[in-house]
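> Kindly return the folded structure for what I paste below:
(chains A and B)
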There are 2 protein chains.
Amino acid sequence: MADAPRKKIGRPPLVENRREMLLDTAARLFGKVGFERCSMQDISDATNVSKGTLYHYFKTKQDIYDAIFLSTLKKMASFVDQSIDKKASARDQLISFFRAHAEYFDTHYWDFNATVLGVAGVSSSAMRHEAVELRDRYESILREIVRRGIETGEFALEEPSMPTRAALSMVNWMPRWYRPNGARSAADIAVSFAHLLLDGFRRRD
Amino acid sequence: MADAPRKKIGRPPLVENRREMLLDTAARLFGKVGFERCSMQDISDATNVSKGTLYHYFKTKQDIYDAIFLSTLKKMASFVDQSIDKKASARDQLISFFRAHAEYFDTHYWDFNATVLGVAGVSSSAMRHEAVELRDRYESILREIVRRGIETGEFALEEPSMPTRAALSMVNWMPRWYRPNGARSAADIAVSFAHLLLDGFRRRD
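You can find the predicted model right below:
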């Protein structure tokens, strides 16, 4: 990179990265302009990739949306899972889950906005099965933490499902009001949320 | 209503109710079909109100969306506010807030889906100021409860804003996964959430 900038406008990136770049740019467009308002031509213009090449990778705009959605879910699950110390207490694991989830959406803000938040209803039935499976898998990471906390006696809960859903709601709604580069990072806020959820509002006498 | 059904297809309802009926039907269409995919013609067809009459009430589809959005926020705030016993403890008020919020979205499912959840980004800047004010007013109902709980010593919290946001996130995300007519009502689930938030996950020793 000694004689950078090497990259000219319009010069295509390496082929193996091109699919990722297309998805990344499309996610920003979907997030900013809206899925319905954004055309294949817009994506072609924004990426400097010809429509012919674009159609080589994705047959329809819906295919692009589905690819962003599935890839976001997969990568987030893998990132969050790796962030959790398998030997820690349930309390510390729950805090790690909240922190990692928020870190992921903070650094992948547009993917997240375009998919998890945005046009959740439009996904084709063909990918719905896979999406539901991925979401369930993600939810199960947290549910397993809660289940273990009940088992060890750390958590005074009757069952893990409803508390897991309550916890996920707190982080899932965050991108609706959180704006990057504010006073507190998403991860910082999420950790406060985890503590609130662990300790509750009421004074412990 | 002895000789019902009196209402013929295409017979317009009373004029004073017509605006409400248009908004109600449009909300269902926005919620089911999507705002972008739904045309003024579709709304005219679904309501049996001519496009001329429809345009008499609303100049654009965006105006209809804005009217649903503002009316939902206003009515919900008023309903929730009236459901809270002003003399109850902060704990009981928080439970009432959760229950009333969930009851409202359960009985106004499509308005809620079309607006609070749906195309939050598309609202015109003209109504943004009013919408933000209404949302702030709604949030302030809950924040006031939390503030009072801190003041009376019921809640062991440092300040009310972050806990209020955490609490709202739990109920705001609910419509994304809740489906009407399931085993537990929205209000029932929301009350469980309130208890979780009040008591926290951790065992109190």
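> CA atoms for contacts and neighbours, from now on please.
Fine.
> What residues does chain A have near chain B?
Residues of chain A found near chain B (CA under 8 Å from any CA of the partner chain) are A:36, A:118-119, A:153-157, A:162-163, A:166-167, A:169-174, A:193, A:196-204.
> For chain A, which residue gets nearest to chain B?
Using CA to the nearest CA, the single residue of chain A nearest to chain B is A:G200, 3.6 Å away.
> What are the buried residues along the helix or strand containing A:V171?
Assigned by DSSP states H and E, A:V171 falls within helix A:161-173. Neighbour counts over helix A:161-173 (16 or more other CA atoms under 10 Å in any protein chain shown) mark A:161-173 as buried.
> from the chain's centre, how far out does the top helix by length along chain A sit?
Longest among the helix segments of chain A by residue count, using DSSP state H, is helix A:125-152. Chain-centre distance of helix A:125-152: 14 Å, with CA atoms, centre = their mean, to the nearest Å.
> what do you get for stretch A:98-117?
Distance, centroid of stretch A:98-117 to centroid of chain: 4 Å (CA atoms, centre = their mean).
> same check, this time on stretch A:25-33
That offset, for stretch A:25-33, works out to 15 Å (CA atoms, centre = their mean).
> Just the C-alpha atoms of that stretch, please, in PDB.
C-alpha atoms of stretch A:25-33 as PDB (Å, rounded to 0.1, in the frame of the first residue of the first chain):
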ATOM      1  CA  THR A  25     -23.500  -1.000  -0.700                       C
ATOM      2  CA  ALA A  26     -27.000  -2.400  -1.300                       C
ATOM      3  CA  ALA A  27     -27.600  -2.500   2.500                       C
ATOM      4  CA  ARG A  28     -26.700   1.200   2.800                       C
ATOM      5  CA  LEU A  29     -29.000   2.000   0.000                       C
ATOM      6  CA  PHE A  30     -31.900  -0.100   1.400                       C
ATOM      7  CA  GLY A  31     -31.300   1.500   4.800                       C
ATOM      8  CA  LYS A  32     -31.100   5.100   3.600                       C
ATOM      9  CA  VAL A  33     -33.500   5.200   0.600                       C
END
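> what sits up against it?
By CA atoms under 8 Å, 6 or more residues apart in numbering or on different chains, the surrounding residues in contact with stretch A:25-33 are A:35, A:38, A:43, A:46-47, A:64-65, A:68, A:110-111, A:113-114, A:118.
> Farthest pair within those?
A:T47 and A:G118 (21.3 Å; CA to CA).
> elements contacting the one helix or strand in chain A whose mean pLDDT sits lowest?
When the helices and strands of chain A are scored by mean pLDDT, DSSP states H and E, helix A:109-112 comes last with a mean of 78. Here helix A:109-112 touches helix A:15-33, helix A:61-82, going by 3 or more CA pairs under 8 Å, 6 or more residues apart in numbering or on different chains; DSSP states H and E.
> Show me which positions of that helix end up buried.
A:Y109, A:W110, A:D111, A:F112.
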